[in-house]
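My questions concern the predicted model and sequence given below.
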Amino acid sequence: TNKSSPTDVRRVVEAIMSASVEMESRSKALEERLNETKSELNALQTNLTKARSEARTDGLTGVNNRKAFDELLAQEIATAAANNSPLCLMMGDILVASCLKGGAREEDYVARYGGEEFAVIMPGISPDRAEQAANAIREAVQARELVKRSTGETLGRVTMSLGISTHRPGDNSGSLIERADSCLYTAKRSGRNCVIT
């Protein structure tokens, strides 16, 4: 039988220890790289979330833009149809973002529809309650005085007209918008500063 000499045993032990140290070193390097990668991924995720938010926000007013509005309305119509739940759409002829945000519920979506028009998607609300909310917004806008920043001169008060449509079976975005827009047009013709549902 071949017997291992103390020297052979020492060499094997040294080789094992050397390999162990090398593996530990590689493990630390891999762990550091993994942590770096995690940080990079977190930064990318944050930037992506910010970019998505900016792509859906109106730069002038800070509310949802038309792209976000179109997506959200289609989504809420599908939900209302599937759950047989109420849904209202409010449209107005002047955009006062702070009054809209203040008058809208947490679950409502305020969006700039285009030019001076805005829209509020109102899930799970009856026409009566939607009309109450619209009147509260209209009164909040009317209560504000416009002031010229450069001179401090009072320019008077703003009035607004609002139109509201209610989701019906078979509605799509186009038909809901068309009825809200038609109500808004009627409100304007009726002497402005009113709500038509």
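Now that the structure is in, tell me what you want to look at. Just so it is clear, the model here is predicted, and its values are computed rather than measured.

which helices and strands does the strand or helix carrying residue 98 pack with?
Residue 98 belongs to helix 97-103 when assigned by DSSP states H and E. The contact analysis (3 or more Cβ pairs under 8 Å, 6 or more residues apart in numbering; DSSP states H and E) places helix 97-103 against strand 109-114, helix 127-142. C-beta: built from backbone N, CA, C; applies to glycine.

Would you mind putting the ones you listed into CSV with distance to residue 121, mean pLDDT and mean neighbour count alongside?
As requested, the helices and strands packed on helix 97-103 are exported to CSV (distance: least, Cβ to Cβ, whole Å; pLDDT from 0 to 100; neighbours: other Cβ atoms under 10 Å):
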stretch, distance to residue 121, mean pLDDT, mean neighbour count
strand 109-114, 4, 90, 21
helix 127-142, 11, 92, 18
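
For residue 103, find the nearest of these.
When the helices and strands packed on helix 97-103 are compared for distance to residue 103 using Cβ to Cβ, the nearest one is helix 127-142, at 3.7 Å.

quick check: angle from the closest one to strand 109-114?
Angle, helix 127-142 to strand 109-114, by axes from the mean of the first three to the mean of the last three Cα atoms, to 10 degrees: 60 degrees.

that's a strand at residue 90, yeah?
Yes. When DSSP: H, G, I helix; E, B strand; the rest coil is applied, residue 90 is found to be in a strand.

Was I right to think it contacts residue 122?
Yes. The pair residue 90 / residue 122 is scored as a contact, 6.3 Å apart, by Cβ atoms under 8 Å.

got any residues that touch both of the two?
130, 133 (Cβ atoms under 8 Å, 6 or more residues apart in numbering).

ok, so what distance separates the closest residue to residue 173 other than its chain neighbours from residue 18?
Excluding the flanking residues, the one nearest residue 173 by Cβ to Cβ, 6 or more residues apart in numbering is residue 73, at 5.0 Å. In this structure, residue 73 and residue 18 are separated by 67 Å, where distance is defined by Cβ to Cβ, to the nearest Å.

higher neighbour count, these two?
The neighbour count for residue 73 versus residue 18, taken as other Cβ atoms under 10 Å, is higher for residue 73 (21 against 10).

How about the secondary structure of the more buried one?
helix.

what angle separates the helix or strand hosting residue 122 from strand 109-114?
In this structure, residue 122 is located in strand 117-123 according to DSSP H and E. Counting by the same axes, to 10 degrees, strand 117-123 lies at 150 degrees to strand 109-114.

And the contacts of strand 117-123?
Taking Cβ under 8 Å, 6+ apart as the criterion, the residues outside strand 117-123 that touch it are 63, 69, 72-73, 76, 79-80, 85-95, 100, 104-105, 107-113, 130, 133, 177, 180.
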